[in-house]
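Asker: mind looking at a prediction? Sequence and model below.
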Amino acid sequence: MSLDVDRIRSAFPAVSDEVAYFDGPGGSQTPEVVGRAVADTMVAGLANRGSVTAAEQRAEAVVLAARAAVADLLGADPRGVVFGRSATQLTMDMARTLAKQWSPGDEVVVSRLDHDANIRPWVIAAEVAGAVVRWAEFDPDTGELPVSAVTGLLGERTRVVAVTGASNLIGTRPDTAAIGLAAHDVGALLYVDGVHLTPHAPVDVAELGADFYTCSPYKFFGPHHGVLAAAPELLETLRPDKLMPSTEVVPERFELGTLPYEVLAGTTATVDFIADLVPGDGDRRTRVLASMAAVEQHEDALLARLLKGLADQPQITVHGRARRRTPTVLMTHADRPGDEVYERLAADGINAPADHFYALEASRHLGLGDEGGIRVGLAPYTTEAEVDRLLERLAAL
């Protein structure tokens, strides 16, 4: 089934014909129903979670509903859904926790394709534990991260492999399932950064081979916070740093302090909104998968249109040509720096920022240094007319 883009756009107060939002990889726009869920929860009467007062029960229900919603989005177990300030914070915390089990000479594998949020936490944790960091290199010409680039680094001392589900800079989608199989063969864990993948494709944590999977609801229409999903049985084996009175129960033992109940209510509303992108029957998980399949189809068609138009503009260089990718394009202009292109597009109501976007290792490996390039990201609310408008403005530069 195809997306009714006009129907989808009508749900977003910020989306209009005046501004074309190609900055979704840094954070999507938010539908009104999500904002309303946040506001309604904040004023409904809340307390710390419990079972005595109505306010306590309301907070408890909000948390359980959010865990169930995220589980339906990711194909995960709600008992293994952990909430945090951000995906970066959750990965930092998990790296420190896992590193408690490492010995000097153990190894962790990271990918140069990744956002720094799935690199630096492991580098820092390895330094503290005396572990060795091994770097998987992607092809700077194609943007591909071959499975062999990761598996060739694995050995009996490998403890964690950290890899992106999709590059936030150039869109490449590595074969995490094959990487996960190889990691598991040597007794290692696979940590997948799904922040950029989740907004663009149906996700099943088990099919991706992930032992840990992180994402950020604000990238797919929701509030600002982070999510980590893992098997509850795996989480039971880990002992994070925490306050002495706080619970030992999983997943709560990984959540530091009181949860932002209004944000979690917004996340539940977000998953419900995604499930209804293509109206249909069945449980929420079934509807999420159908909707995200339609999102992928819509965005792939727009991406093909965009790439075809860019190919006709010799002043534009597109970086990364991976076969499997999200609708994310990094480009540079032959005669103008990225910041200037960014500012001139913004003056025309086109939001397409320029930067390395925290994928610093990837930007340097592409030969773009710390400047990066102009990033264009497509979303379910993007239209063909907006893509054509972007192409026209680029040509006019």
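Answerer: Here it is on my side, so go on.

Asker: now for the longest helix belonging to the chain, which elements pack on it?
Answerer: With secondary structure taken from DSSP state H, the chain has its longest helix at helix 284-311. Helices and strands touching helix 284-311, by 3 or more CB pairs under 8 Å, 6 or more residues apart in numbering; DSSP states H and E, are helix 54-74, helix 261-275, strand 316-319, strand 328-333, helix 384-396. Any C-beta I mention is one placed from the backbone N, CA and C, and that applies to glycine too.

Asker: S10: which of those is closest?
Answerer: Minimum separation from S10 across those (CB to CB) falls at helix 261-275, 12.4 Å.

Asker: in JSON lines: the helices and strands packed on helix 284-311, plus distance to N168, mean pLDDT and mean neighbour count.
Answerer: Putting those into JSON lines (distance: least, CB to CB, whole Å; pLDDT from 0 to 100; neighbours: other CB atoms under 10 Å) gives the following:
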{"stretch": "helix 54-74", "distance to N168": "18", "mean pLDDT": "98", "mean neighbour count": "20"}
{"stretch": "helix 261-275", "distance to N168": "19", "mean pLDDT": "98", "mean neighbour count": "25"}
{"stretch": "strand 316-319", "distance to N168": "13", "mean pLDDT": "98", "mean neighbour count": "18"}
{"stretch": "strand 328-333", "distance to N168": "7", "mean pLDDT": "98", "mean neighbour count": "24"}
{"stretch": "helix 384-396", "distance to N168": "19", "mean pLDDT": "98", "mean neighbour count": "16"}
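
Asker: now the ones you listed as a markdown table including distance to D355?
Answerer: Below are those laid out as a markdown table (distance: least, CB to CB, whole Å):
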| stretch | distance to D355 |
| --- | --- |
| helix 54-74 | 28 |
| helix 261-275 | 26 |
| strand 316-319 | 13 |
| strand 328-333 | 10 |
| helix 384-396 | 18 |
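
Asker: out of these, nearest to T214?
Answerer: Here helix 54-74 is closest among those (CB to CB), at 10.1 Å.

Asker: who touches the closest one?
Answerer: For helix 54-74, the external contacting residues (CB atoms under 8 Å, 6 or more residues apart in numbering) are 41, 44-51, 76-79, 81, 83, 194, 198, 203-205, 213, 215, 227, 229, 251, 259, 261, 264-265, 267-268, 270-272, 274-275, 283-285, 288.

Asker: for the longest helix of the chain, buried residues please.
Answerer: Under the neighbour-count criterion of 16 or more other CB atoms under 10 Å, helix 284-311 has 284-285, 287-292, 294-296, 298-300, 302-303, 306, 309-310 buried.

Asker: pLDDT below threshold where in the stretch 1-150 of the chain?
Answerer: Low-confidence regions of the stretch 1-150 of the chain, defined by pLDDT under 70, are absent; no residue qualifies.

Asker: separation between T267 and L64?
Answerer: Applying CB to CB, to the nearest Å, the value for T267 to L64 is 12 Å.

Asker: E18 is nearest to which of the helices and strands packed on helix 284-311?
Answerer: That would be helix 384-396 among these, by CB to CB, at 11.1 Å.

Asker: what's the closest one packed up against?
Answerer: By 3+ CB pairs under 8 Å, 6+ apart, helix 384-396 packs against strand 20-21, helix 284-311, helix 338-347, strand 350-351.

Asker: report the distance from it to the chain centre.
Answerer: Centre-to-centre, helix 384-396 and its host chain are 27 Å apart (CA atoms, centre = their mean, to the nearest Å).

Asker: quick one: T198 and E56, what's the gap?
Answerer: For T198, the distance to E56 - CB to CB - is 31 Å.

Asker: equivalent analysis for R323, please.
Answerer: For R323, the distance to E56 - CB to CB - is 51 Å.

Asker: kindly report the same for G35.
Answerer: Taking CB to CB, one finds G35 at 25 Å from E56.

Asker: same deal with T317?
Answerer: In terms of CB to CB, T317 sits 57 Å off from E56.

Asker: can you pull the contacts of A87?
Answerer: By CB under 8 Å, 6+ apart, A87 lies in contact with 117, 193, 195, 214-216, 226-228.

Asker: what's the domain layout of the chain?
Answerer: Domain segmentation of the chain under automatic domain parsing yields 5-30+285-396, 36-274.

Asker: tell me which of those domains is the most buried.
Answerer: domain 36-274 (a mean of 20; mean count of other CB atoms under 10 Å).

Asker: now the end-to-end length of that one.
Answerer: 16 Å (CA to CA, to the nearest Å).

Asker: now do the helices in the protein.
Answerer: Shown for the chain, the helices assigned by DSSP H span residues 5-9, 32-43, 54-74, 87-99, 120-129, 147-151, 176-185, 232-235, 261-275, 284-311, 338-347, 360-365, 384-396.

Asker: tabulate these in a markdown table, adding columns for distance to R157.
Answerer: A markdown table is the format used below for the helices of the chain (distance: least, CB to CB, whole Å):
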| stretch | distance to R157 |
| --- | --- |
| helix 5-9 | 48 |
| helix 32-43 | 45 |
| helix 54-74 | 30 |
| helix 87-99 | 14 |
| helix 120-129 | 12 |
| helix 147-151 | 15 |
| helix 176-185 | 13 |
| helix 232-235 | 20 |
| helix 261-275 | 38 |
| helix 284-311 | 38 |
| helix 338-347 | 41 |
| helix 360-365 | 23 |
| helix 384-396 | 48 |
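
Asker: which one of these lies nearest to E371?
Answerer: The nearest among the helices of the chain, by CB to CB, is helix 338-347 at 6.2 Å.

Asker: tell me the angle of the closest one relative to strand 328-333?
Answerer: Per axes from the mean of the first three to the mean of the last three CA atoms, to 10 degrees, the angle that helix 338-347 makes with strand 328-333 is 110 degrees.

Asker: can you offset everything so residue one is 50?
Answerer: Taking 50 as the first residue, the last one we looked at is helix 387-396.

Asker: export helix 387-396 to PDB, keeping only CA atoms.
Answerer: In PDB, the C-alpha atoms belonging to helix 387-396 read as follows (Å, rounded to 0.1, in the frame of the first residue of the first chain):
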ATOM      1  CA  GLY A 387      28.900  23.700   2.400                       C
ATOM      2  CA  ASP A 388      27.900  26.500   4.900                       C
ATOM      3  CA  GLU A 389      27.200  28.900   2.000                       C
ATOM      4  CA  VAL A 390      25.000  26.400   0.200                       C
ATOM      5  CA  TYR A 391      23.200  25.600   3.500                       C
ATOM      6  CA  GLU A 392      22.600  29.300   4.100                       C
ATOM      7  CA  ARG A 393      21.400  30.100   0.600                       C
ATOM      8  CA  LEU A 394      19.000  27.100   0.500                       C
ATOM      9  CA  ALA A 395      17.700  28.200   3.900                       C
ATOM     10  CA  ALA A 396      17.000  31.700   2.600                       C
END
